[in-house]
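Student: structure here, sequence nowhere to be found:
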């Protein structure tokens, strides 16, 4: 019997469909494994088993799915974005939304619940977070979310949209006129769109350089 069968710690034995998934994952040495299973099979216990046995973090698409995991397995650490935690420091007293997002920006929080949740996830064998947080934290220079043996993508068919949304840059009329001093004109075809994007990119690089030079003078 392989490790995932013996690592199944639930009040009921795995269903035949769940056994098939456990056996399939155990039989492959692939770095990426995709499992397609219909609603009702019980994918959450499978995700929890893989994460618990080998060490891994489970990403979901929605907060409601995170909460569902926590209802079923309250011992698994949960990490959401900083705005989901209440800042306990004076820095947030006058704020209408005293979240850890505000506290962390000013870097004055002692015993910050958001940072405590991050550390708990980092040290845990298995944890739960969400796609949006994982992508934003990776852009910020790394995250404990992906530093595990398994990165389990629940509802994985949403991954393509998550990646596209994380990489996209919205070029609006306000951005062009207010920041880049560039008149915005809706492109009529792909060639015009590419030419306009290159122009925006060039101006944006120049603007960034200008801001960096101003910052150097002040430091």
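Tutor: Thanks, I have it. Keep in mind that this is a model prediction, so the values were computed, not measured. Numbers count the residues shown, from 1 in each chain.

Student: the residue nearest the centre of the chain in helix, strand or coil?
Tutor: Centroid-nearest residue in the chain: residue 134, 2.0 Å away (criterion: Cα atoms, centre = their mean). Three-state call for residue 134 (DSSP: H, G, I helix; E, B strand; the rest coil): helix.

Student: where's it relative to residue 80, distance?
Tutor: For residue 134, the distance to residue 80 equals 11 Å [Cβ to Cβ, to the nearest Å]. All C-beta atoms are positioned from the backbone trio N, CA, C, and that covers glycine.

Student: which residues touch residue 158?
Tutor: Counting by Cβ atoms under 8 Å, 6 or more residues apart in numbering, residue 158 touches 61, 131.

Student: how near is it to residue 188?
Tutor: Using Cβ to Cβ, residue 158 is found at 33 Å from residue 188.

Student: any weak-confidence spans in this structure?
Tutor: 89-109, 137-147, 219 (pLDDT under 70).

Student: hmm, who's touching stretch 2-15?
Tutor: Applying Cβ under 8 Å, 6+ apart, the external contacts of stretch 2-15 come out as 19, 22, 23, 25, 26, 41, 42, 45, 49, 50, 52, 53.

Student: now the longest helix belonging to the chain, how far from the chain's geometric center?
Tutor: Longest helix in the chain by number of residues (criterion: DSSP state H): helix 190-218. Centroid separation for helix 190-218 versus its chain: 28 Å, with Cα atoms, centre = their mean, to the nearest Å.

Student: who does residue 60 bridge with?
Tutor: Taking DSSP bridges as the rule, residue 60 bridges to residue 130.

Student: might one say that it is in contact with residue 131?
Tutor: Yes - using Cβ atoms under 8 Å, residue 60 is in contact with residue 131, at 7.3 Å.

Student: can you list the buried residues in the longest helix of the chain?
Tutor: Going by neighbour count (16 or more other Cβ atoms under 10 Å), the buried part of helix 190-218 is 196, 200, 204.

Student: ok, stretch 5-15 next?
Tutor: Within stretch 5-15, the residues that qualify as buried by neighbour count (16+ other Cβ under 10 Å) are 8, 14.

Student: what of stretch 21-35?
Tutor: Applying 16+ other Cβ under 10 Å to stretch 21-35 flags 21, 22, 25 as buried.

Student: and for that stretch, what's in contact with it?
Tutor: Against stretch 21-35 from outside (Cβ under 8 Å, 6+ apart): 2-5, 8, 14, 37, 41, 43, 46, 49-50, 156.

Student: repeat for stretch 41-52
Tutor: With contact meaning Cβ under 8 Å, 6+ apart, stretch 41-52 is reached by 4, 7-10, 14-15, 17-18, 21-22, 25, 35, 37, 56-58, 68-69, 72-73, 76, 125-127, 148, 150, 152, 154.

Student: could you redo the last one with a cut-off of 6 Å?
Tutor: By Cβ atoms under 6 Å, 6 or more residues apart in numbering, the surrounding residues in contact with stretch 41-52 are 4, 7-8, 10, 17-18, 21, 37, 58, 73, 126, 150, 152, 154.

Student: so can I have JSON lines of those showing secondary structure and distance to residue 64?
Tutor: Output for the contacts of stretch 41-52, formatted as JSON lines (DSSP: H, G, I helix; E, B strand; the rest coil; distance: Cβ to Cβ, whole Å):
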{"residue": "4", "secondary structure": "helix", "distance to residue 64": "27"}
{"residue": "7", "secondary structure": "coil", "distance to residue 64": "27"}
{"residue": "8", "secondary structure": "coil", "distance to residue 64": "25"}
{"residue": "10", "secondary structure": "coil", "distance to residue 64": "22"}
{"residue": "17", "secondary structure": "helix", "distance to residue 64": "24"}
{"residue": "18", "secondary structure": "helix", "distance to residue 64": "23"}
{"residue": "21", "secondary structure": "helix", "distance to residue 64": "23"}
{"residue": "37", "secondary structure": "coil", "distance to residue 64": "20"}
{"residue": "58", "secondary structure": "strand", "distance to residue 64": "14"}
{"residue": "73", "secondary structure": "coil", "distance to residue 64": "15"}
{"residue": "126", "secondary structure": "strand", "distance to residue 64": "20"}
{"residue": "150", "secondary structure": "strand", "distance to residue 64": "22"}
{"residue": "152", "secondary structure": "strand", "distance to residue 64": "18"}
{"residue": "154", "secondary structure": "coil", "distance to residue 64": "12"}
